[in-house]
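Q: Show me how the following folds:
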Amino acid sequence: MPAAALLNPNAVAPEAPPQTTTLALPSALSVLGATGGYAAFGLATIAFAAPDTYGHAVSFAAFVAPLPIALVSTQVTLAVGHQWLRLDGRAEDLPRAAAQAWVGGGRLALGLVPLLIWFATTGDPVIFQTLCTVLSAALGAATLVGAGGRMREAMPTHAGNVAQTDLFVASWFVLTGAIFLLLCHQL
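A: The predicted structure is shown next:
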């Protein structure tokens, strides 16, 4: 406690700077495993597609491909926006947060493969096709929401910058989501 605060009991202590935490970059094995999860999800949609819907199955598998493109293409925007807005925290933690979300999404994709296989072998091909569409969109959304949440946690806030930090993360989420949807539409 400063000496001036001891002399004046009505003095307000200055706000302490926010605590910064350093995010760990996922290991290469984790990133490789996540990529394998996404690949397994895509291969399951192609391998178990009905012969007359093969073109749709390829588009479902390709639906996962825009996700890393959208995540990677917005990293420069994140770094520039973070520095321009003078937000608290470390700018290098933002790509790490996106990488951690990628790993989490890959684990989710790998976990969905048995569900796809079960529906492909026991159900109607139309239901399988619909399930592939819904799960592909849900997988992309879950990964993007996870990345936004991890980025928000990576940037410490204090009373003066909570709204600015939230707006920054929400803007990044909208930009990345728009790139993801645009690329999905192009495929």
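Q: all contacts plus neighbour counts: C-alpha atoms, from now on.
A: Noted.
Q: The closest residue to residue 121 other than its chain neighbours and residue 128, how far apart?
A: Take residue 121 and drop its neighbours on the chain: the residue closest to it by CA to CA, 6 or more residues apart in numbering is residue 48, 7.8 Å away. Taking CA to CA, to the nearest Å as the measure, residue 48 falls 9 Å from residue 128.
Q: Please apply the same query to residue 49.
A: Residue 49 is 8 Å from residue 128, by CA to CA.
Q: joint contacts of those two?
A: Common contacts of residue 49 and residue 128 (CA atoms under 8 Å, 6 or more residues apart in numbering): residue 120.
Q: Next one, pLDDT for the residue nearest to residue 121 please.
A: Reported pLDDT at residue 48 in the predicted model: 78.
Q: swap in residue 145?
A: 92.
Q: what packs against the one helix or strand it maps to?
A: Element membership of residue 145, judged by DSSP states H and E, is helix 125-154. Contacts defined by 3 or more CA pairs under 8 Å, 6 or more residues apart in numbering; DSSP states H and E place helix 125-154 against helix 54-62, helix 93-122, helix 162-186.
Q: higher neighbour count, residue 48 and residue 128?
A: residue 128 (23 against 18; other CA atoms under 10 Å).
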